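Participant: Here's my sequence, what's the structure:
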Amino acid sequence: MSKILTPAIVREELEKESGIIPALEGDDARSFCLDKWDATFDTKSSWANGHEDLIIYSETTADDYEVWICTDDHNGPRSINEDVYYYQNNEQFMERALECLRYGGSVWMDDYIAEDAEYDIAEAFTIAYEDEYEGLFENMKEELLKTKYDEYKD
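Facilitator: The predicted structure is shown next:
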């Protein structure tokens, strides 16, 4: 008789071994991801410290229009095509932020922007957690199939 592995068993083993649960959202997902990636996402400080890998802030143009900057260059000239946004594009900002954070980076977002982007930030980290969980689930499934079970059935 073969031993059958199910998703419920994989979830149980994953939680028992590492305390990982299937669904984290918002701040909990953010904390998990930042810890796992050894990354920092600062939305509280008034100013960037100068060492961040990505900074997100707004500026006022000479003719009093507000533009948003999302750049990896603290002091150099901004790339109008890549770094300057006419609208506050929170989804795009978070896409770039997560790309940086996944590799242990540091991101600073102006608190004014972070306040407006609160939903987008929570949503981005929730989705990132789901991706992380899926990878951990697959790893655990493969490990259990190698060591304790003969086949997997949904």
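Participant: can you map out the helices along the protein?
Facilitator: In order along the chain, the chain carries the following helices (DSSP state H): 7-18, 26-37, 80-83, 90-101, 111-116, 118-147.
Participant: In TSV, list those helices along with distance to E66 and mean pLDDT.
Facilitator: Using the backbone N, CA and C atoms, a C-beta is placed for each residue, glycine as well. Output for the helices of the chain, formatted as TSV (distance: least, C-beta to C-beta, whole Å; pLDDT from 0 to 100):
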stretch	distance to E66	mean pLDDT
helix 7-18	44	91
helix 26-37	27	95
helix 80-83	15	88
helix 90-101	14	96
helix 111-116	10	95
helix 118-147	18	95
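Participant: Which of those has the highest mean neighbour count?
Facilitator: Each of the helices of the chain was scored by mean neighbour count; the highest is helix 90-101, a mean of 19, by mean count of other C-beta atoms under 10 Å.
Participant: CA atoms only: put it into CSV for me.
Facilitator: Output in CSV follows, covering the C-alpha atoms of helix 90-101 (Å, rounded to 0.1, in the frame of the first residue of the first chain):
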residue,chain,number,x,y,z
ASN,A,90,1.8,53.1,-6.5
GLU,A,91,1.5,49.7,-8.2
GLN,A,92,4.5,50.4,-10.3
PHE,A,93,6.4,51.8,-7.3
MET,A,94,5.7,48.6,-5.3
GLU,A,95,6.7,46.4,-8.3
ARG,A,96,10.1,48.1,-8.4
ALA,A,97,10.4,48.0,-4.6
LEU,A,98,9.7,44.3,-4.3
GLU,A,99,12.1,43.6,-7.1
CYS,A,100,14.8,45.3,-5.0
LEU,A,101,13.7,43.9,-1.6
